[in-house]
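S.K.: give me a 3D structure for the following:
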Amino acid sequence: MTLSIWLSLLLICLLGAMSPGPSLAMVAKHSLSGGRRHGLATAWAHAFGIGIYALFTILGLAIVLHQFPFIFKAITYAGAAYLAWLGFNAIQSKGGIAERLESGVSCSIFQAAKEGFLISILSPKIAIFFTALFSQFVAISAEASSKAILVFTPFIVDGLWYTLITFMLSSQVLLMKLRSHAHWIDRISGAVLILLAVRVIWMV
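M.R.: Numbering: from 1, shown residues only. Below is the predicted model:
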């Protein structure tokens with residue numbers, strides 16, 4: 001893989017990671033309610049899901065989804081259902097930022113990592129990204145070293161981006177300012193998640 005091709009891949013992966021969506025909402029939720037360790041667990045579990053998508057794309061995911069569109073629809077509906085469920089709970093502040101701040105009890109690090117992984121692996125947006133954009137790099141990367149780069153680049157970019165988000169949101173100064181608005185953060189993020197679920201179903 002040439003440097004110019006890798007820089008193109010890096011830019012696409014960075015833009016994909018930076019685009020707002022449910023992944024950002026999930027990392028923010030655990031960073032604000034559980035602190036830095038929970039945010040980092042969410043971030044890197046999410047990145048692990050990204051790495052799995054990259055590996056599966058190299059192994060032929062794009063071809064499989066093209067030949068068997070019902071598999072893509074199944075991923076889409078499962079992802080939309082998960083987004084809607086998260087959004088409904090957030091609006092009711094069940095397991096949300098407000099509930100955890102008020103109780104003083106956060107979920108386990110394992111739970112934070114699990115939610116980060118699921119929001120990644122069940123995201124139709126990420127599936128579309130890898131089948132439509134990422135797959136073009138697979139065709140020009142036949143060497144084993146190039147394929148390894150294709151897997152690790154999106155994994156590292158995604159993990160580092162959400163690590164940065166985690167460090168920004170787990171600041172004690174920012175946490176104190178957001179504490180009084182936790183209920184509104186839950187409701188807004190919940191509404192956004194539900195709207196994203198509706199949008200996903202609408203576009204199927």
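S.K.: worst-scoring helix or strand of the chain, pLDDT-wise?
M.R.: Lowest on mean pLDDT, DSSP states H and E among the helices and strands of the chain sits helix 97-103, with a mean of 51.
S.K.: mind checking the SS state of Cys107?
M.R.: Assigned with DSSP: H, G, I helix; E, B strand; the rest coil, Cys107 falls in the coil class.
S.K.: look up how far Phe167 lies from Val151.
M.R.: Val151 is 25 Å from Phe167, where distance means CB to CB, to the nearest Å. Glycine gets a C-beta too; all of them are placed from N, C-alpha and C.
S.K.: more crowded one of those two?
M.R.: Neighbour count, other CB atoms under 10 Å: between Val151 and Phe167, Val151 has more, with 18 against 14.
S.K.: mind jotting down where the helices sit in the protein?
M.R.: Listed in chain order, the helices of the chain (DSSP state H) span 3-18, 22-34, 36-58, 61-67, 69-91, 97-103, 109-121, 124-129, 135-138, 144-169, 172-179, 182-203.
S.K.: just say which of those is most tucked in.
M.R.: With neighbours defined as mean count of other CB atoms under 10 Å, the helices of the chain peak in mean count at helix 22-34, which reaches a mean of 25.
S.K.: so it versus helix 144-169, what angle?
M.R.: For helix 22-34 against helix 144-169, the angle by axes from the mean of the first three to the mean of the last three CA atoms, to 10 degrees is 50 degrees.
S.K.: so how far is Ala78 from the nearest residue to Leu40 once chain neighbours are set aside?
M.R.: The shortest distance from Leu40 to any non-neighbouring residue, by CB to CB, 6 or more residues apart in numbering, is to Thr166 (5.5 Å). Between Thr166 and Ala78 the distance is 26 Å, computed by CB to CB.
S.K.: I figured Phe48 hits Leu118, correct?
M.R.: No - counting by CB atoms under 8 Å, Phe48 stays clear of Leu118, with 11.2 Å between them.
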